[in-house]
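1. what follows is a predicted protein model with its sequence.
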Amino acid sequence: MDDLEQAILLASDSPAAAAASPSVRAEALAFCARARDESPPSSLLRLCLSGIASSPHAQVHFWCLQSLHDALLRRRLMLPDDIALLRSSLLSLAVSSHAASPPFLRNKLAQLVALLVRLEYPHAYPSYFLDLLPPAPPQPGPTDMFARVLISLDDDLLSQDYLRNAGEANDAMRVKDSMRAQCVPQIARHWHAAASTLRTADPVAAAVALDAARRCISWIDVGLVANDVFVPLLFDIAMSPGSAAPLAAAAVGCLSAVAAKRMDARAKVGLLRSLLAAQQGLGSPDSGLKMAPLVTAYAVEALECYRRLGPSDADGAAALEMLEEVLPAVFAAAESFDDEDVDSGAVLEFLSGYVSMMKAPSEKQLGHLGRILEVVRVQMLYDPVYRGHLDVLDKIGKEEEDLMAEQRKDLIALFRNICRVAPAASQLFIRGMLVTALSSAEASVEDVEVALTLFYRLGEAVGEEEIRTGTGLLGELVPMLLAARFSCHTHRLVALAYLETVTRYMKFMQEHVQYLPHLLGVFLDNRGIHHQNALVSRRAGYLFMRAVKSLKAKLVPYLDTILQSLQDVLSQFTSMDWASKGTKFPSSEDGSQIFEAVGLLISIEEVSPEKQAQCLTALLNPLCHQIESLVMDAKAQGLEESSPRAISLQQIIVALNMVSKGFNERLVMGNRPAIGVMFKKTLDVVMQVLISFPNVKPLRSKIISFLHRMIEILGLPVLPYVPIALRQLLLDNEAKDMVEFLVLVNQIICKFKSSASAVLEEIFPTIASRLSVILSQDAFSAGPASNTEEMRELQELQRTLYTFLHAVATHDLSTILLTPSCIQYLDTIMQLLLFTSCKHKDILLRKGCVQIFVNLVKDWCINSEEKVNGFRDFMIEKFATNCCLFSVLDKSFDLRDANSLVLFGEIVVAQKIMYERFGEVFIQKFVETGLTKVCCPPDLAKQYCQKLQGNDIKAFRSFYQSLIEKLRPLGNGSLVFR
């Protein structure tokens, strides 16, 4: 044992281990492991018992107990004599245990005894608890040890708070039943004696005993604790100023367990009544502070009894009365959430349940709701310690904001419930907070932010119509909000909450236009777009754009005022040194939304043509002059992607793009052609940027976005620009650049259709040659490599290419593929489309490819004429067999999947079209090269021909689906694509 003892000390946290080298410690660990794992079980048992008896070191005792626990748990110790020796030794140790031994040793000994109880009680050794039960009067050491055994037994077996397997559940039931029949009354008397005797002499031991009692109350006869002797003692300990905090908490835990004991609702009402009788002041605020878990559990149970029994039942009414009596204590607990003894989640859950129970609140209940609203308000407050961090939104501020957003979720849900059951009271509460915040120069950031946030949430709870008409107090509150200027309005939190709340009540202005000047003031003065904090200013710009979209024509009278107020902001956006800005803004709030708002305002048809031209000229001309000046300088000095010039050019083009969003083709080219001339001139200027600097990719991306808008609003007059633009955009392209390019080409096809044929004929060979690297069916791996950023870009390009080919085929442009410069790529394209229509994992892509083939058949196979040599044979021998038959027979084709059924419908249509265009040749070949090869019975093949030749496409589809289902079991589940 001496060598093992030395090894254990070296392997543990002893002073000897601290002085040893890593190699020595590793050797000691290995020695201990061999002693534990390789010793015969009986030898290990005696070795460990000897170590416990002879060694003075706690580390050695712990290792021995842990080794015995592992051996017993793994059933290495099986011999009856070994088990008997272990049992007697452990019981002797437990009974003689004294409170001075280290808690970790007592816990490990308790865990080992609890495991023996599980394995042996009561069939092998029925007197475990009688042996362990301390004699009267209780002494600290034995009391503590007995309690720890019960606690370990609860943790490892009896508690229903943890998921147990069937074996554990059976063992738990056996132990509980045996204890109830044999010794629970004696144990309950011991708990009472320990609490009364040791509460002063050794409050720690008394607390552990009561903790053990709390864990057992759920499955013992509650009358053993809920009686005239035990309950008054527990209340006395809980409320006595002289009680140690852990002991008082343990007493409260026992009382809470009594209140939460599962039983019939009427019996529960009697139990709750007895608790209230035992402690007359249970509903006092003092009780709420000292016994928060109890009053919360009591209120939860009383509410549940009321729900079950109903208000018309005498016991149900009594339950409600008892609930009302303890509510002051619950509110006191709720208002002290910062106290670690208060389970804020449980309190909030009760308050939510209490509010949900209300239908038409009485005056008394409205008073309670007022208290709950105040609880919500207080609990939503930020800690002033973080005020500075939240203003600049540094890392600490961001973490605190995220944490508070999570903490507020349940509080906001509770507030919404209150708004639902008591809208008038909620609005009155909001009014009180706003009046207080506005009347006090000392109003804190935290108080104002919560008042605004709750006002915002009120807007979520009331209907759109109520906001529009100003129902209730809203007719007073919204104007008060619009006129508000808080003393702490410069703080980011307050400013953002204010803007969001104003936006929430935007519909109020539709009905009350007299407040529009106030609304514009909110967005345009230093509360909004001119706020000193850039984050607030950007958000205000975005929200102002939403306001313009919502109010539109109602803002026309204020157009000059708005443009004058925004003049400095508009010029700052394009002149700002963005490269030096450290603050990161969301893409939706980069400041460009102000240009969109202005564009939306100018484009309103209620604005006169002269005024529109004047405003648009004043907006577009300076931006175009800036571009021309920057291009001139850049031509002389060069242009790098990240240079201030390049970034300024990007911002100006973004601004032009945003301005154009307010306009449409009908207005620009129809009603107000002068505006079209202006945008055409602007396009001329932007095109010079693309011609001069086609390789500056971030700039090119912004120009593509602008071209999208010009195509949309100018229409055909843009067509002459397209060839130049596309040639420039085809220079130096990577996968993601080609995606942007093809999306633009797809828009051109959809917008101009056959008018774009000459342009497409020119660029198609370049597109095809650039994409040749991915036109192979083997271009993409299916393994882990397919999840790289580069591979995802290639896959996105592949999808965009199919969209492009689909646009070509469905907009009468398929003849482009047959021109001398393009036809060399036709075979590659056909093979790619065929492979994708049969095998691609994206079902919707497969559907698109089938549709392409259908359109090509319609375009190229008219009557007996065949525009493309070999195309008819390709469709019959390759497409029909592989796509229309083999691919749907494959077991991976799921006929229960909605998207797969859509693809199946397209495949059915394809067969119908091929029959119409190819005639009997198609049927003959399909049967010979397809159906015969998959062992289709002749009678089914004949039915296939008849259904295909018929005029009912739905009947053909139904038959073909049943045919596929019949052919699959014939060994056709994994046909090879050919």
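-> Now that the structure is in, tell me what you want to look at.
2. where are the low-confidence patches of this protein?
-> Counting by pLDDT under 70, the ranges of the chain that qualify are 1, 99-100, 337-339, 341, 576-589, 773-787, 864, 971-978.
3. mind checking the longest helix of it?
-> Counting residues, the longest helix found in the chain (DSSP state H) is helix 609-637.
4. kindly export the following helix or strand past that helix (C-alpha atoms) in CSV.
-> Once helix 609-637 ends, the next helix or strand along the chain (criterion: DSSP states H and E) is helix 644-660. Written as CSV, here are the backbone C-alpha positions of helix 644-660 (Å, rounded to 0.1, in the frame of the first residue of the first chain):
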residue,chain,number,x,y,z
PRO,A,644,-10.6,57.1,-52.2
ARG,A,645,-11.5,58.0,-55.9
ALA,A,646,-12.8,54.5,-56.6
ILE,A,647,-14.8,54.4,-53.4
SER,A,648,-16.2,57.9,-54.1
LEU,A,649,-17.2,56.8,-57.6
GLN,A,650,-19.0,53.8,-56.1
GLN,A,651,-20.9,55.9,-53.7
ILE,A,652,-22.0,58.4,-56.4
ILE,A,653,-23.2,55.5,-58.6
VAL,A,654,-25.1,54.0,-55.6
ALA,A,655,-26.7,57.4,-55.0
LEU,A,656,-27.8,57.6,-58.7
ASN,A,657,-29.1,54.1,-58.5
MET,A,658,-31.1,54.8,-55.4
VAL,A,659,-32.6,58.0,-56.9
SER,A,660,-33.8,56.0,-59.9
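5. and helix 644-660 with helix 609-637, angle?
-> 160 degrees (axes from the mean of the first three to the mean of the last three C-alpha atoms, to 10 degrees).
6. follow-up on the earlier one: what helices or strands is the longest helix of the chain leaning on?
-> Judged by 3 or more C-beta pairs under 8 Å, 6 or more residues apart in numbering; DSSP states H and E, the packing partners of helix 609-637 are helix 559-575, helix 593-602, helix 644-660, helix 673-692. Placement of C-beta: from N, CA and C, glycine included.
7. most tightly packed of those?
-> The highest average neighbour count among the helices and strands packed on helix 609-637, using mean count of other C-beta atoms under 10 Å, belongs to helix 593-602 at a mean of 24.
8. in contact with residue 920: list those residues for me.
-> Residue 920 makes contact with no residue under the criterion C-beta atoms under 8 Å, 6 or more residues apart in numbering.
9. against residue 408, how distant is it?
-> 73 Å (C-beta to C-beta, to the nearest Å).
10. give me every residue that touches the closest residue in space to residue 359 that isn't next to it in sequence.
-> Leaving aside its chain neighbours, residue 359 sits nearest to residue 421 (7.3 Å; criterion: C-beta to C-beta, 6 or more residues apart in numbering). Contacts for residue 421 (C-beta under 8 Å, 6+ apart) come out as 355, 358-359, 361, 369.
11. okay, and which of those residues map to helices?
-> With DSSP H as the criterion, helices contain 355, 369 from among those.
12. using TSV, please lay out the helices and strands packed on helix 609-637 together with distance to residue 969.
-> Formatted as TSV, the helices and strands packed on helix 609-637 follow (distance: least, C-beta to C-beta, whole Å):
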stretch	distance to residue 969
helix 559-575	68
helix 593-602	60
helix 644-660	58
helix 673-692	60
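13. so for the helix or strand containing residue 16, what gets flagged as buried?
-> Here residue 16, judged by DSSP H and E, is contained in helix 15-19. Neighbour-count burial for helix 15-19, counted by 16 or more other C-beta atoms under 10 Å, picks out 16-17.
14. swap in stretch 755-765?
-> Using 16+ other C-beta under 10 Å as the test for burial, stretch 755-765 gives 756-757, 759-765.
15. swap in stretch 255-268?
-> Buried residues in stretch 255-268, counted by 16+ other C-beta under 10 Å: 255-261, 265-266, 268.
16. what do you get for stretch 959-973?
-> Neighbour-count burial for stretch 959-973 [16+ other C-beta under 10 Å]: 959-961, 963-964, 967-968, 972.
17. among those residues, which are located in helices?
-> Among those, the ones falling in helices (DSSP H) are 959-961, 963-964, 967.
18. so which of the residues you listed is the closest to residue 238?
-> Of all these, residue 961 has the smallest distance to residue 238: 72.4 Å, by C-beta to C-beta.
19. quick one: the helices in the stretch 701-850 of the chain?
-> 722-729, 735-752, 757-770, 789-810, 826-839, 843-860 (DSSP state H, counting those that start in this stretch).
20. and those helices: which comes nearest residue 442?
-> helix 789-810 (53.4 Å).
21. what residues sit buried inside the closest one?
-> In helix 789-810, counting by 16+ other C-beta under 10 Å, buried: 791, 793-795, 797-810.
22. what's in contact with that helix?
-> The contact list for helix 789-810 (C-beta under 8 Å, 6+ apart) reads 734-736, 738-739, 742-743, 745-746, 749-750, 760, 767, 771, 774, 779-781, 785-786, 813-814, 816-817, 829, 833, 836, 842, 845, 848-849, 851-852, 855-856, 859.
23. got a quick PyMOL command for the buried subset of those residues?
-> The PyMOL selection below is limited to those of the contacts of helix 789-810 classed as buried (16+ other C-beta under 10 Å):
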select buried, resi 735+736+738+739+742+745+746+749+760+767+771+774+813+814+816+817+829+833+836+845+848+849+851+852+855+856+859
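24. before we move on, back to that, which pair of the contacts of residue 421 spans the longest distance?
-> 359 and 369 (13.0 Å).
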